[in-house]
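Undergrad: Let's see this in three dimensions:
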Amino acid sequence: MALIFENKMKVRDYECDSQGVVNNAIYLHYFEATRHELMEKCGLRLRDLTEANIIPVVRNANISYKNSLRGSEEFICNVKIERKGLRYYFHQQIVRVPDNTLCATAVIEVVCLIDGKVAKPDMFDKAFAEYINWEK
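TA: Prediction:
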């Protein structure tokens, strides 16, 4: 069974709209921040990758909003990874703390460009080994 990575965060007031709820676009930032935290935990720094001309690229993002987050609320953003061919699918959730309310889900599809071409991401497979669910 693959591991699930969790990242605890807190809503900043400037991320909220005039009704006091988190703006819909901000959820994409939360999902991305969590993927970047996972990358760093696994020894991958985006700056190092881009300097080596290895670029993970979001190909598709599908977000479903369930319940609103509000200013100063804490939440957990989690991620589990599925690999199909050359694509990674990051299945993510945002769950409000302490009531465990599901606020949003997402599936973020990522491909890896090496020297400008979609390529087999061996280094990502090694780094994410504990977190990947492989296509069956």
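Undergrad: next SSE after the top strand by length along the chain?
TA: As assigned by DSSP state E, the longest strand anywhere in the chain is strand 101-114. Next helix or strand after strand 101-114 toward the C-terminus (DSSP states H and E): strand 117-118.
Undergrad: Which residue ranges of the chain form strands?
TA: 5-10, 54-65, 74-84, 87-97, 101-114, 117-118, 132-134.
Undergrad: angle of the longest one against strand 74-84?
TA: It stands for strand 101-114. Per axes from the mean of the first three to the mean of the last three C-alpha atoms, to 10 degrees, the angle that strand 101-114 makes with strand 74-84 is 40 degrees.
Undergrad: Strand 101-114 pairs with which strands, parallel or anti?
TA: Partners of strand 101-114 in the sheet, by DSSP bridges, are strand 54-65 (antiparallel), strand 87-97 (antiparallel), strand 117-118 (antiparallel).
Undergrad: Of all these, which one is nearest Ala2?
TA: strand 87-97 (10.4 Å; C-beta to C-beta). Where C-beta positions appear, they are placed from N, C-alpha and C, glycine not excepted.
Undergrad: Output the closest one as PDB, restricted to C-alpha atoms.
TA: Taking Å, rounded to 0.1, in the frame of the first residue of the first chain, the C-alpha atoms of strand 87-97 are listed here in PDB:
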ATOM      1  CA  ARG A  87       1.800  10.400 -16.500                       C
ATOM      2  CA  TYR A  88       1.500  11.000 -12.800                       C
ATOM      3  CA  TYR A  89      -1.900  11.500 -11.300                       C
ATOM      4  CA  PHE A  90      -1.800  13.300  -8.000                       C
ATOM      5  CA  HIS A  91      -5.100  12.600  -6.100                       C
ATOM      6  CA  GLN A  92      -5.400  15.300  -3.500                       C
ATOM      7  CA  GLN A  93      -7.900  16.400  -0.800                       C
ATOM      8  CA  ILE A  94      -8.200  19.300   1.500                       C
ATOM      9  CA  VAL A  95      -9.800  18.500   4.900                       C
ATOM     10  CA  ARG A  96     -10.600  21.200   7.500                       C
ATOM     11  CA  VAL A  97      -9.200  20.600  11.000                       C
END
